[in-house]
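Undergrad: Kindly generate the corresponding structure for this input.
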Amino acid sequence: MSEKGHHPAPLSPVEQRVAALEALLTERGLVPEGFIEEITRRYESEIGPLNGAKVVARAWADPGYKERLLADGTAAIAELGFGGPEGDHMVVVENTPAVHNVVVCTLCSCYPWPVLGLPPSWYKDPPYRARMVREPRALLAEMGCPLPGDVEIRVWDSSAEVRYLVLPQRPAGTEGMTEAELAGLVTRDSMIGVAHP
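TA: The predicted model follows:
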């Protein structure tokens with residue numbers, strides 16, 4: 001039951017088609033009840049950003065791992081058990097005090113699902129894809145990630161062949177934290193490069 005005066009937003013045409021397709025697949029026994037919700041939940045909370053956060057935390061805590069990660073992202077990420085479709089050729093780029101990296105896919109929405117989960121809706125939007133290439137400093141500031149004028153911004157264009165993960169700078173004052181505590185500081189957006197951890 002909805003609250004007084006509160007009505008849920010009507011479904012978009014795409015959402016209506018998805019709901020109809022899901023209902024049909026479930027009705028015909030091709031997809032078990034709740035299967036799609038469970039897959040979505042797993043990509044949002046288990047398969048996704050938590051995996052990337054573990055990769056970043058390991059790199060922050062283990063200099064040898066960080067070196068391997070920057071040299072061969074795919075292999076180092078696989079060391080932690082992550083990889084597969086949409087993540088079978090990973091390049092990791094490191095943010096430093098002098099360089100800030102950010103990822104975009106100018107053609108569609110190529111994205112490293114095994115380490116970042118489901119892509120945010122803004123990542124797929126044409127304005128993000130166009131403006132991040134044209135005016136990254138202004139767009140980053142609008143997204144809540146302003147950068148000093150002397151910081152170089154490098155924009156990486158993901159593709160079907162190569163997907164990127166940003167290794168954010170480790171926050172100051174975290175020297176005594178465990179890997180699990182460090183992982184809790186890492187966000188999906190910081191691994192795309194549009195936020196700081």
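
Undergrad: So V103 sits against P168, correct?
TA: No - using CB atoms under 8 Å as the test, V103 is too far from P168 to be in contact (11.9 Å). Every C-beta, even on glycine, is put in place using the N, C-alpha and C of the backbone.

Undergrad: where do the contact lists of these two overlap?
TA: Common neighbours of V103 and P168, counting by CB atoms under 8 Å, 6 or more residues apart in numbering, are G193.

Undergrad: Per-residue pLDDT of the residue nearest to the spatial centre of the chain, please?
TA: Of all residues in the chain, the one closest to the mean position by CA atoms, centre = their mean is L116, 3.6 Å from it. Reported pLDDT at L116 in the predicted model: 90.

Undergrad: do the same with W113
TA: The confidence metric pLDDT takes the value 84 at W113.

Undergrad: Next up, the contacts around the residue nearest to the centre of the chain.
TA: Contact analysis of L116 by CB under 8 Å, 6+ apart lists 48-49, 51-52, 165, 188, 191-192.

Undergrad: just V194 next, same as before
TA: 102, 140, 143-145.

Undergrad: I'd like the next helix or strand past the lowest-mean-pLDDT helix or strand in the chain.
TA: Lowest on mean pLDDT, DSSP states H and E among the helices and strands of the chain sits helix 35-45, with a mean of 74. With elements assigned by DSSP states H and E, the helix or strand that comes after helix 35-45 is helix 49-61.

Undergrad: Next one: V151 from A195, what distance?
TA: For V151, the distance to A195 equals 15 Å [CB to CB, to the nearest Å].

Undergrad: before we move on, what about L116?
TA: Separation of L116 from A195 (CB to CB): 13 Å.

Undergrad: P136 now?
TA: Taking CB to CB, one finds P136 at 14 Å from A195.

Undergrad: Likewise for L25?
TA: Taking CB to CB, one finds L25 at 36 Å from A195.

Undergrad: neighbour count winner among the two?
TA: The neighbour comparison of L25 against A195 (other CB atoms under 10 Å) goes to A195, with 17 against 14.

Undergrad: Give the closest residue to that one in space, chain neighbours not counted.
TA: D189 (3.8 Å; CB to CB, 6 or more residues apart in numbering).

Undergrad: give me the element the one you found is part of.
TA: Per DSSP H and E: helix 188-192 holds D189.

Undergrad: And for that helix, what's in contact with it?
TA: By CB under 8 Å, 6+ apart, helix 188-192 touches 48-49, 52-53, 56, 102-103, 115-117, 120, 123, 165-168, 195-197.
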